[in-house]
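Colleague: Below are the sequence and a predicted model for it; my questions follow.
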2 protein chains.
Amino acid sequence: MPDRSLIFPAAEYRGRVAALQAEMAKDRLDALLLTTPADVFYVTGFLTRFWESPARPWFVIVPAQGGPIAVIPAIGADLMHRTWTPEIRTWDAPDPVDDGVTLLADTLHEVVPERGRIGIPMGLETHLRMPLADYHQVVARLGSRQVVDGTSAVQRVREVKSEAEIDKIRATCQIADRVFARVPEFARAGTPLDQVFRDFQIALLSEGADWVSYTAGGAGQGGYGDVISPADTRPLQPGDILMLDTGAVREGYFCDFDRNYAVGDPGDVARRAHAALYAATDVALNTLRPGMTAQDLHRILTASLSAEGAVPGGGRLGHGLGLTLTEWPSLTAKDTTPLREGMVLTLEPGVEIAPGLIMVHEENIVLRADGPELLSRRAPADLPRLGV
Amino acid sequence: MPDRSLIFPAAEYRGRVAALQAEMAKDRLDALLLTTPADVFYVTGFLTRFWESPARPWFVIVPAQGGPIAVIPAIGADLMHRTWTPEIRTWDAPDPVDDGVTLLADTLHEVVPERGRIGIPMGLETHLRMPLADYHQVVARLGSRQVVDGTSAVQRVREVKSEAEIDKIRATCQIADRVFARVPEFARAGTPLDQVFRDFQIALLSEGADWVSYTAGGAGQGGYGDVISPADTRPLQPGDILMLDTGAVREGYFCDFDRNYAVGDPGDVARRAHAALYAATDVALNTLRPGMTAQDLHRILTASLSAEGAVPGGGRLGHGLGLTLTEWPSLTAKDTTPLREGMVLTLEPGVEIAPGLIMVHEENIVLRADGPELLSRRAPADLPRLGV
């Protein structure tokens, strides 16, 4: 991998900013104010794990015309200067008296005219990554300038991936593909689940992940109870279904899919559950087209599961994917987001096998004009078996 | 490791809530509203990597009396029920129409009297992890109830660690200790830096980390340019100084320290820089006492570096540590936070060797009545050498 400050050529970032500015024009925004790792990386190429420290806020302003302006802690200046970002202003953070508030407010005064509109992502799946009290202070200094919801401008642009982005996500998916194929090497009856989780992460790194931001899973007789718990020390047992799920990252882009394994014979109930999940995914792969909505796709998946005699799980059955582990839209009964060509999505049907016992199944796709293209290697139709 | 929903006995969490309620009483708060992974874990024991998904907000309310109330997406109910949390309310998230707003507002109405005060952390190092528009909606529904800054109540309690917490942080530090000793096994002249970063993470997992939330470092002739960049593919060269820094996690608790290595002979300039960093750390280890402030400790470190003929780096020279990679206070010239017995801190002096060339050095300590107790194994006084 090259210098991470050059993950994409500058033209990629210029295109993103132009696309954002076109959306901003529709919403009559004079600037966008961005604060999260994904939004900042998207616009500038600034990629660092330093966001793990909550100590400092970071700001990028996208004006109606011209390049982005980074208003950031001095500790990030060296790295930001290696990106294409044309203008960088810094302060010594953390500063308990004025942690960038004056610098940010002054910059907004320069960039945004009187009575201008500043868009901030504030809708579903967003948050403002800065202290709330400082945000209030900045707003109080804006005079006649107005803060409005900038969610739509950001989401309509970010949700459609460029071919360069799709290549990155595919590369990350391929890392996970290789690792899922190797799971029988380190998981079998008797292996404690927490050891499986560690070896799974080690394998992801060995196969080329830069880091592993997310690992989850579960294991239990014929299914599992939930999909977000950390691993416990319980050893795998014959009859267990093991599920492993990962959000590995390479060059800033995530994969997010899972695989199920049977420890020995899965039994008929688990076998049928897996078959239903597999069949529902096939239906979605064969019928999904641009122009459908997130709720259409949810309906396709739930109808297919029901047709297979399975009980569809509650909650969403997939979501967007890219710069974060999950992105909008959500495949729920209520999400009306149109699914567009170039969107990268997860198909994640789940079934309830019994009260408190579930099974899930996930693939990553990019939506093309003629339907989904798999980014993950299609799961085996039959549950792979681990040694007993 | 046991079931992660039982990282501490319930008494630990009860004690935390009682301590929060004592601080809340001083600030006349009728409730605290918490939204971040660390705050939620602190109060409930709810530990999951699922926070990596920005899709859903999570809320915990600490009332003036009684146990905490979790107001969370249904997907987390199973895991939250395995914690001690006495009351759990859920909704099906993400919901584009009402993503927990009504449930949260209704719960606050029940818990907080008319004209009552709801504290939300909104000061330095905090953020509100929920969509800003939803926050505005909740506030609009509070009637005569008032939202005020709850930062102090949370920080004064969380900053002093219990012995049980100190044990967890020490255990994580010991994992990193073992890995830093093994670095010469996988890093030498010719090894690309990104391969070093991968092997470093693999070793942390092998030695017992549950996951590795942060890895950073740098390598260059006689020093490095910054400490937050991702690794590039440049192979290590004789004369390089390699720095590796990690925030590994075990049972929810971080370590955060770094180590320097010389590829072959470090040269006199780097040797002197390292000696100055080592000496300044020694002075802090010998003189720091409870009752000093963060700025006092900053002054001790900068004065020691200057006395050694080194140029102290800008920015902070250490910080709190525990449930996140970095916590308040910050060892800066401006931070007046009193350093108290039981605080876990990093000592992180840095020097500027030449324009654009720095070296840093970090240890983790817990502040005892009679001074610092090391949680990391003291770095070698002389730069360890890697093979050429």
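Modeller: Yes, it's here. Numbers count the residues shown, from 1 in each chain, chains lettered A, B, ... in the order given.

Colleague: ok, longest helix in chain A?
Modeller: Counting by DSSP state H, the longest helix found in chain A is helix A:163-186.

Colleague: quick one: secondary structure of the nearest residue in space to residue A:308 that is not next to it in sequence?
Modeller: What sits nearest to residue A:308 in space, not counting adjacent residues and going by Cβ to Cβ, 6 or more residues apart in numbering or on different chains, is residue A:276, at 3.7 Å. Backbone N, C-alpha and C define where each C-beta goes, glycine included. Here residue A:276 is helix, with the state taken from DSSP: H, G, I helix; E, B strand; the rest coil.

Colleague: so what's residue A:276 up against?
Modeller: Listed by Cβ atoms under 8 Å, 6 or more residues apart in numbering or on different chains, the contact set of residue A:276 reads A:304, A:305, A:308, A:309, A:310, A:351.

Colleague: swap the cut-off to 6 Å and go again
Modeller: Counting by Cβ atoms under 6 Å, 6 or more residues apart in numbering or on different chains, residue A:276 makes contact with A:305, A:308, A:310, A:351.

Colleague: Give me the subset of those lying in strands.
Modeller: Among these, the ones falling in strands (DSSP state E) are residue A:351.

Colleague: Tell me the one among the contacts of residue A:276 nearest to chain B.
Modeller: Chain B lies nearest to residue A:351 out of these, by Cβ to the nearest Cβ, at 15.0 Å.

Colleague: To what extent is the closest one buried, counted in neighbours?
Modeller: A count of neighbours around residue A:351, defined by other Cβ atoms under 10 Å in any protein chain shown, yields 24.

Colleague: That one is in contact with residue A:275, isn't it?
Modeller: No - using Cβ atoms under 6 Å, residue A:351 makes no contact with residue A:275, being 10.3 Å away.

Colleague: Confirm that residue A:243 lies within a strand, as I assumed.
Modeller: Yes - counting by three-state DSSP, residue A:243 falls inside a strand.

Colleague: Contacts only, for the closest residue to residue A:36 other than its chain neighbours.
Modeller: In space, and not counting its chain neighbours, residue A:36 is closest to residue A:129: 5.0 Å by Cβ to Cβ, 6+ apart. Applying Cβ under 6 Å, 6+ apart to residue A:129 gives the contacts A:35, A:36, B:127.

Colleague: Let me have the residues you listed in a markdown table, adding neighbour count and pLDDT as columns.
Modeller: Converted to a markdown table, those look like this (neighbours: other Cβ atoms under 10 Å in any protein chain shown; pLDDT from 0 to 100):
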| residue | neighbour count | pLDDT |
| --- | --- | --- |
| A:35 | 20 | 98 |
| A:36 | 22 | 98 |
| B:127 | 21 | 96 |
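
Colleague: between the residues you listed, which is nearest residue A:338?
Modeller: Distance to residue A:338, by Cβ to Cβ, is smallest for residue A:36 among the contacts of residue A:129, at 23.8 Å.

Colleague: backbone phi and psi for the closest one, please?
Modeller: Phi and psi for residue A:36, reported as degrees, to the nearest 10, are phi -100, psi 160.

Colleague: That one and residue A:193, how far apart?
Modeller: 32 Å (Cβ to Cβ, to the nearest Å).

Colleague: Next: residue A:149.
Modeller: Residue A:149 sits 43 Å away from residue A:193, going by Cβ to Cβ.

Colleague: okay, those two: which has more neighbours?
Modeller: Shown here are residue A:149 and residue A:193; by other Cβ under 10 Å, residue A:193 has more neighbours (23 against 17).
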